[in-house]
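# just need the structure, nothing else, for what follows:
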Amino acid sequence: MRQRINDLFVGSDVTVLLQLQDNLTVTGKSVLSKEKSFEGRSVNLPSNEGRQHEASMQVIRRSLLDESRELIDHASKLRDVNAHLVNCDVKLWNEYAVLLNEHSSLSKENSSLSKENISILKENSSLKKEHTYYKWRSMTGNSSNLLRV
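All right, here's what the predicted structure looks like:
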């Protein structure tokens with residue numbers, strides 16, 4: 001209220017108005033809500049209802065400011081949590097990249113081992129055929145021919 005009066009008047013006018021407002025507040029007379037004139041300027045001074053309304057508005061403003069502070073604190077905490085989650089996400093992606101590289105290496109090694117295994121199986125098959133052939137030859141009595149081969 002004082003700020004509104006300060007905005008309307010300058011210098012001694014403000015002092016007179018503030019004194020008048022203080023006197024009105026003390027006496028609480030509704031007559032004071034009537035329009036007063038200072039140096040050609042008219043001012044509508046607040047009645048009891050006006051002062052009560054202004055007090056209610058200040059309570060609401062304080063409540064909104066408190067709520068705003070709480071929301072700002074909450075937003076700050078959410079930013080901290082978000083930063084933590086982003087850090088966790090980055091760590092997980094790095095770990096995923098390492099595992100992906102390891103998987104790629106193991107996959108290549110597996111491919112090489114599979115090729116080697118196929119070669120060994122082919123060689124084993126050939127050896128089995130050869131063994132079967134020699135066994136057959138030894139059973140048929142043609143072992144002397146085996147030494148010449």
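# hey, let's count contacts and neighbours off CA atoms from now on
Will do.
# which helix runs longest in the protein?
Identified as the longest helix of the chain according to DSSP state H is helix 48-140.
# what is that helix packed up against?
helix 143-148 (3 or more Cα pairs under 8 Å, 6 or more residues apart in numbering; DSSP states H and E).
# swap in 10 Å and give it another go.
helix 12-27, helix 143-148 (3 or more Cα pairs under 10 Å, 6 or more residues apart in numbering; DSSP states H and E).
# low-scoring pLDDT stretches of the protein, where are they?
Confidence mapping of the chain against pLDDT under 70 gives the ranges 1-46, 142-149.
# again, only using 50
1-2, 4-6, 8-14, 16, 24-38, 146, 148-149 (pLDDT under 50).
# how many neighbouring residues does Ala55 have?
By the measure other Cα atoms under 10 Å, the count of residues near Ala55 is 13.
# er, Ser47 actually
For Ser47, the neighbour count with other Cα under 10 Å is 18.
# distance check, it against Thr140.
With distances taken as Cα to Cα, to the nearest Å, Ser47 is found 133 Å from Thr140.
# how many neighbouring residues does Ser138 have?
Ser138: 14 surrounding residues under other Cα under 10 Å.
# measure it to Ser112 for me?
For Ser138, the distance to Ser112 - Cα to Cα - is 38 Å.
# what do you get for His103?
From His103 over to Ser112 the distance is 14 Å, taken as Cα to Cα.
# over to Gly141?
As judged by Cα to Cα, Gly141 and Ser112 stand 43 Å apart.
# Val98 now?
Per Cα to Cα, Val98 is found 21 Å from Ser112.
# swap in Leu71?
Distance, Leu71 to Ser112, by Cα to Cα: 60 Å.
# go on, Arg62?
74 Å.
# now swap in Leu99 and tell me
Distance from Leu99 to Ser112, by Cα to Cα: 20 Å.
# please apply the same query to Leu92.
Between Leu92 and Ser112 the distance is 30 Å, computed by Cα to Cα.
# before we move on, what about Val59?
78 Å.
# next one: Glu70
From Glu70 across to Ser112, the span is 62 Å (Cα to Cα).
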